[in-house]
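**Q** Please find the sequence and the predicted model below.
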Amino acid sequence: KRLEIINWTPLHTRLLAHRIGDGSVNHYGHFEYSNKHIEEFIALANFLKIKCWGPVVSDKYGTYKVIIPKKTFIDFASVFNVNHEELIKNPILLLEIIAKLPEEHRLQAILAFIVDDGSCNRWMVTIFEDKNREVFNKLKEIWDNVFPSTSIIYEQPTKNGTVIYHLVTNRNGVVELMSMIEQAVQKYGFFASLWLKQK
């Protein structure tokens, strides 16, 4: 009910969840989202009437950057009695907050994780991958609470020895995910569906 009072919907949670993956925090504490394909992210921000700056070209590879002011998250952070700057600076805190939200919110966060790091180039779907084990474990908890007994972890070392942790889902996870996406789209529209950054 407190989320309803500040008009915070699962789609707001989805936009904030993009902080994990392709999101970061700049020198001024603002939330930055960087990607080559940022059309849907900007469209989602516009749909939610959230002010954003950009996009600006941020590197020689044609990556675009969108900036959302930190004050956007003041009301949301106040619901959980945390500092809004700390909320977007600390990915562990952000995931702990998302884990407390209702299932509809956790689902939209999961879809943001898939957009950032998911792939379908193997016989199973990769939900998320990261080298930070603590971030990875928190994210796995969120997935397992929504889709129990469907996740698999595999570790892949890079050439320089860094271990990348991959969260993969089995067939049952895919079936359940698609069923929940269909329900979410019926309730919240296109932006609640699964859209991918890699065209």
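**A** Happy to help now that I have it. None of the values given here were measured: they were computed from a predicted structure.

**Q** tell me the contacts of the nearest residue to Trp53 once chain neighbours are set aside?
**A** Nearest non-adjacent residue to Trp53, counting by C-beta to C-beta, 6 or more residues apart in numbering: Ile67, 4.2 Å away. Backbone N, C-alpha and C define where each C-beta goes, glycine included. Counting by C-beta atoms under 8 Å, 6 or more residues apart in numbering, Ile67 makes contact with Asn26, His30, Phe31, Glu32, Tyr33, Cys52, Trp53, Gly54.

**Q** Adding neighbour count and distance to Asp144, write these out as CSV.
**A** Listed next are the contacts of Ile67 as CSV, based on neighbours: other C-beta atoms under 10 Å; distance: C-beta to C-beta, whole Å:
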residue, neighbour count, distance to Asp144
Asn26, 11, 32
His30, 18, 32
Phe31, 23, 27
Glu32, 20, 29
Tyr33, 24, 26
Cys52, 21, 32
Trp53, 12, 36
Gly54, 16, 35
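
**Q** Farthest pair within those residues?
**A** Looking at these by C-beta to C-beta, the two members farthest from one another are Asn26 and Cys52, with 13.0 Å of separation.

**Q** Using a markdown table, please lay out the contacts of Ile67 together with pLDDT and distance to Asn132.
**A** A markdown table is the format used below for the contacts of Ile67 (pLDDT from 0 to 100; distance: C-beta to C-beta, whole Å):
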| residue | pLDDT | distance to Asn132 |
| --- | --- | --- |
| Asn26 | 85 | 19 |
| His30 | 90 | 22 |
| Phe31 | 91 | 18 |
| Glu32 | 89 | 18 |
| Tyr33 | 89 | 18 |
| Cys52 | 89 | 26 |
| Trp53 | 89 | 27 |
| Gly54 | 80 | 26 |
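
**Q** so where does Asn81 fall, helix or strand?
**A** Here Asn81, judged by DSSP states H and E, is contained in no helix and no strand.

**Q** how close does it get to Arg19?
**A** Asn81 sits 19 Å away from Arg19, going by C-beta to C-beta, to the nearest Å.

**Q** Which one's more surrounded, these two?
**A** Comparing Asn81 with Arg19 by other C-beta atoms under 10 Å, the one with more neighbours is Arg19, at 24 against 6.

**Q** hmm, back to that, which among the contacts of Ile67 gets closest to Glu40?
**A** Comparing the contacts of Ile67 against Glu40 with C-beta to C-beta picks out Tyr33 as the nearest, at 10.9 Å.

**Q** and that closest one, bridged to which residues?
**A** Gly23, Val66 (DSSP bridges).

**Q** I'd guessed it sits against Val56; true?
**A** No. At 11.7 Å, Tyr33 and Val56 do not qualify as touching, with contact defined as C-beta atoms under 8 Å.
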